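Engineer: any chance you can model this:
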Amino acid sequence: MRAEQMSVEQKVGQLLMIGYQTLDLPQEMEKWIKERQIGNVILFSRNIGAHAETFERVRTMQGWAKEAGHCCPLLIGTDQENGVVSRLHEATAFPGAMALGATGNPDLARQIYAATGAELRAAGIGVNFAPVIDVNNNPQNPVIGVRSFGADPAAVGQFGEAAMHGLLASGVIPAVKHFPGHGDTHTDSHEAIPVLPHDWQRLTQVELAPFRHCIEAGTPVVMIGHVSLPTIDASGLPASISQQLVTDILRRELGFSGVAITDCLEMAAIANSTGVPEAAVLSLNAGVDMVLVSHTHEVQQQTYDRLVEAIENGEISPARVDEAVNRILALKRRFLSWETYAATTPPAFDRAGHEHLAKEVLAQAVTVLKNERGIVPIPKQAATLGVIMPRVGRVTLAEDEDQQAEAELLAASLQAYSPVQCHFLRSLQPTREEAEQAFAAMAPFETVIVFTYNAHLYEGQAQLVKQLSSQGKKVIAVALRNPYDLGAFPEVDACLAVYDHRKLAIEAVADVLFGKQKPTGRLPVRM
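Structural biologist: The predicted structure is shown next:
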């Protein structure tokens with residue numbers, strides 16, 4: 001079937017991707033798929049349990065689609081970037097993009113994303129909104145950071161291509177994001193419209209370069225962000241609804257002929273300005289093929305109805321609608337089949353092998369940013385060490401609320417080497433009272449290891465580290481997230497970056513701290 005043979009409602013069903021709020025499938029999803037012919041669904045952590053359970057829910061939805069006469073299976077997607085954005089609860093704790101960038105080896109990105117794809121397939125998921133190929137050259141960026149491979153556009157493109165091919169090798173569709181680039185922004189598009197003020201020469205050399213690279217390498221999907229480029233589109237419209245950015249730049253200048261999908265239109269950058277239903281119409285007229293409305297049933301309903309109205313009254317031309325639908329159907333025919341979802345058990349994958357791979361890569365990522373007086377590695381005969389751990393949690397709406405470090409478990413990784421006494425902070429922004437409690441707890445120790453988490457953005461953490469150094473203690477700072485933390489406390493004796501806060505990463509940095517592993521990571525951003 002082609003778009004020209006479909007009803008308006010069937011076409012809108014292909015143009016829209018929706019999400020839902022519960023773990024179990026709500027009744028309205030069956031109605032959406034059967035009655036409204038919705039052809040695309042996004043899953044978040046709230047919808048995902050064990051791989052086998054998720055696979056069965058996906059099979060149920062695919063069964064509804066087949067029963068309702070869909071010409072192709074549903075496109076089921078998620079954001080399994082790894083690192084701080086990981087939707088699968090049972091997934092291996094694979095390193096995120098910046099940790100991969102720190103290894104300097106793009107083939108490791110290919111291996112990690114191929115393994116990621118295998119785990120997505122085990123959950124029935126066919127498209128991954130990854131890799132992130134934004135160039136993160138702004139330390140103050142609140143939302144990208146370690147989700148990026150680094151600050152060098154050529155390296156980001158190479159790692160992005162490798163990750164893309166890893167997913168493709170596993171049978172999962174990659175969607176590179178967030179065109180035209182979200183790395184050099186001060187604003188999170190979940191909260192407002194980020195602006196890239198650069199001229200065309202700069203944009204082509206930096207922000208657009210990884211997208212050009214991955215498009216030439218064959219990416220089938222590009223996700224469009226809500227970033228404004230006033231030098232290209234003087235109206236200041238976000239890229240996701242800008243014809244100049246989608247049609248003129250992405251399509252014509254960069255030559256992309258695959259499926260373009262928006263980031264979620266319910267993000268504040270769109271919802272608080274244009275509004276979701278109107279933005280959906282503008283997106284399609286701009287050259288986008290699929291619009292994403294992730295969360296709210298009422299907004300999804302309004303958007304569906306508005307698209308039907310816009311197509312019927314000619315606000316969106318029939319040729320533009322059919323072009324978008326035919327691109328989506330071609331993508332589905334290339335990658336999806338009803339036979340895949342006829343299987344009653346999910347495909348197996350090598351869990352032990354995946355964990356071993358994750359450990360190996362995280363070990364290669366650990367980067368020594370500074371080591372004055374050679375206090376790393378810590379001598380084996382060292383007396384009891386003091387350790388400060390922050391409470392690690394969600395710092396942007398792109399992440400899930402349950403992404404928190406298990407502090408006691410992390411401390412155990414250090415205690416395998418040396419007696420340590422840990423003090424756990426209650427927040428990422430310690431109060432004066434919290435800092436005083438930490439100083440008191442660390443008073444007996446000559447050497448203190450302080451784990452930081454975006455201390456360059458949380459002044460309380462930075463001040464705590466500085467005051468410990470001013471007390472004459474040997475301070476080793478370990479940046480669990482962005483490596484920019486060193487810039488907030490240059491007076492420390494040693495600083496390491498691990499780009500991850502989970503158990504495997506802490507085990508890797510413990511191996512370096514105590515001399516079992518030589519650090520080989522190299523800084524993928526500029527300080």
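
Engineer: name the residues of the worst-scoring helix or strand of the chain on mean pLDDT that are buried.
Structural biologist: Lowest on mean pLDDT, DSSP states H and E among the helices and strands of the chain sits helix 407-415, with a mean of 76. Using 16 or more other CB atoms under 10 Å as the test for burial, helix 407-415 gives A407, L410, A411, A412, S413, L414. Bear in mind the C-beta positions are built from the backbone N, C-alpha and C, glycine included.

Engineer: what does that helix contact?
Structural biologist: The contact list for helix 407-415 (CB atoms under 8 Å, 6 or more residues apart in numbering) reads 385, 387, 389, 391-392, 420, 422, 424, 449, 451, 501, 503, 506-507, 510, 513.

Engineer: for W200, state which of the residues you listed is nearest.
Structural biologist: Nearest to W200 among the contacts of helix 407-415, counting by CB to CB, is H501 at 38.5 Å.

Engineer: the closest one: neighbour count?
Structural biologist: Residues near H501, counting by other CB atoms under 10 Å, number 27.

Engineer: check Q429 too.
Structural biologist: The burial count for Q429: 15, using other CB under 10 Å.

Engineer: ok, the nearest residue to it once chain neighbours are set aside - contacts?
Structural biologist: Among residues not flanking Q429 along the chain, G460 sits closest, at 4.4 Å (CB to CB, 6 or more residues apart in numbering). Contacts for G460 (CB under 8 Å, 6+ apart) come out as S427, L428, Q429, P430, T431, E434, A435.

Engineer: what's the answer for T452, then?
Structural biologist: By CB under 8 Å, 6+ apart, T452 lies in contact with P390, Q461, A462, V465, A477, V478, A479, L480, D485.

Engineer: can we see that at 10 Å?
Structural biologist: T452 is in contact with 388-390, 428, 458, 461-462, 464-465, 477-482, 485-486, 488-489, 492, 495, 497, counting by CB atoms under 10 Å, 6 or more residues apart in numbering.

Engineer: before we move on, back to that, let me have the buried residues of helix 407-415 in CSV, adding distance to E372 as columns.
Structural biologist: Shown next, in CSV, are those (distance: CB to CB, whole Å):
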residue, distance to E372
A407, 28
L410, 25
A411, 26
A412, 29
S413, 25
L414, 21
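
Engineer: look up how far G69 lies from T231.
Structural biologist: Distance, T231 to G69, using CB to CB, to the nearest Å: 47 Å.

Engineer: for these two, indicate the residue with more neighbours.
Structural biologist: Applying other CB under 10 Å to T231 and G69 shows that T231 carries more neighbours, namely 13 against 10.

Engineer: how close does the more buried one get to M223?
Structural biologist: Taking CB to CB, one finds T231 at 22 Å from M223.

Engineer: give me the helices and strands touching the one helix or strand A115 maps to, please.
Structural biologist: Using DSSP states H and E, the element containing A115 is helix 106-122. Packing partners of helix 106-122 (3 or more CB pairs under 10 Å, 6 or more residues apart in numbering; DSSP states H and E): helix 51-67, strand 75-78, helix 97-103, strand 127-128, helix 153-169, strand 173-179, helix 351-365.

Engineer: which of these sits most buried?
Structural biologist: helix 97-103 (a mean of 30; mean count of other CB atoms under 10 Å).

Engineer: report the mean confidence score over that one.
Structural biologist: Helix 97-103 shows a mean pLDDT of 98 in the predicted model.

Engineer: also stretch 187-196?
Structural biologist: Rounded mean pLDDT across stretch 187-196 is 78.

Engineer: OK, contacts around R320?
Structural biologist: T247, L284, N285, A286, G287, V288, D289, I311.

Engineer: what is the nearest of the residues you listed to L397?
Structural biologist: Using CB to CB, the contacts of R320 come closest to L397 at V288, 21.7 Å.

Engineer: need the contact list for I311.
Structural biologist: Taking CB under 10 Å, 6+ apart, one finds V8, E9, K11, V12, L15, V281, L284, S317, P318, R320, V321 in contact with I311.

Engineer: what's the pLDDT at E4?
Structural biologist: 89.

Engineer: err, V392, not the other one
Structural biologist: 79.

Engineer: got phi/psi on T262?
Structural biologist: Phi and psi for T262, reported as degrees, to the nearest 10, are phi -80, psi 150.

Engineer: and for it, nearest residue in space, chain neighbours not counted?
Structural biologist: Nearest to T262 is S240, by CB to CB, 6+ apart, at 4.4 Å.

Engineer: then P220?
Structural biologist: Among residues not flanking P220 along the chain, G258 sits closest, at 4.7 Å (CB to CB, 6+ apart).

Engineer: got any ranges where the stretch 101-250 of the chain has weak pLDDT?
Structural biologist: 188-189 (pLDDT under 70).

Engineer: go again using 80 as the cut-off
Structural biologist: Along the stretch 101-250 of the chain, the parts satisfying pLDDT under 80 run over 186-192.

Engineer: distance between the ends of stretch 367-378?
Structural biologist: Terminal residues of stretch 367-378 are spaced 16 Å apart (CA to CA, to the nearest Å).

Engineer: returning to that earlier point: need the helices and strands packed on helix 106-122 in TSV (columns: distance to P26).
Structural biologist: Listed next are the helices and strands packed on helix 106-122 as TSV, based on distance: least, CB to CB, whole Å:
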stretch	distance to P26
helix 51-67	11
strand 75-78	16
helix 97-103	33
strand 127-128	22
helix 153-169	29
strand 173-179	25
helix 351-365	31
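
Engineer: hmm, back to that, out of the contacts of helix 407-415, which are buried?
Structural biologist: Buried members of the contacts of helix 407-415, scored by 16+ other CB under 10 Å, are 385, 387, 389, 392, 420, 422, 424, 449, 451, 501, 506-507, 510, 513.

Engineer: buried residues in stretch 461-476?
Structural biologist: 461-469, 473-476.

Engineer: in strands, which of those residues fall?
Structural biologist: Judged by DSSP state E, strands contain the following of the buried residues of stretch 461-476: K474, V475, I476.

Engineer: got the residues you listed as a markdown table, with pLDDT columns?
Structural biologist: A markdown table is the format used below for these (pLDDT from 0 to 100):
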| residue | pLDDT |
| --- | --- |
| K474 | 91 |
| V475 | 93 |
| I476 | 95 |
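
Engineer: now those as TSV including distance to A155?
Structural biologist: Formatted as TSV, those follow (distance: CB to CB, whole Å):
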residue	distance to A155
K474	34
V475	31
I476	28
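
Engineer: for these, which one is nearest T219?
Structural biologist: I476 (40.7 Å).

Engineer: pretty sure that closest one is touching A510, no?
Structural biologist: No - judged on CB atoms under 10 Å, I476 makes no contact with A510 at a distance of 11.6 Å.

Engineer: list residues touching both of the two?
Structural biologist: With CB under 10 Å, 6+ apart, I476 and A510 have common neighbours I378, I449.

Engineer: how much space between G255 and Q300?
Structural biologist: Look at G255 and Q300: by CB to CB, they are 32 Å apart.

Engineer: if anything else comes up later, I'll come back, but that's it for now.
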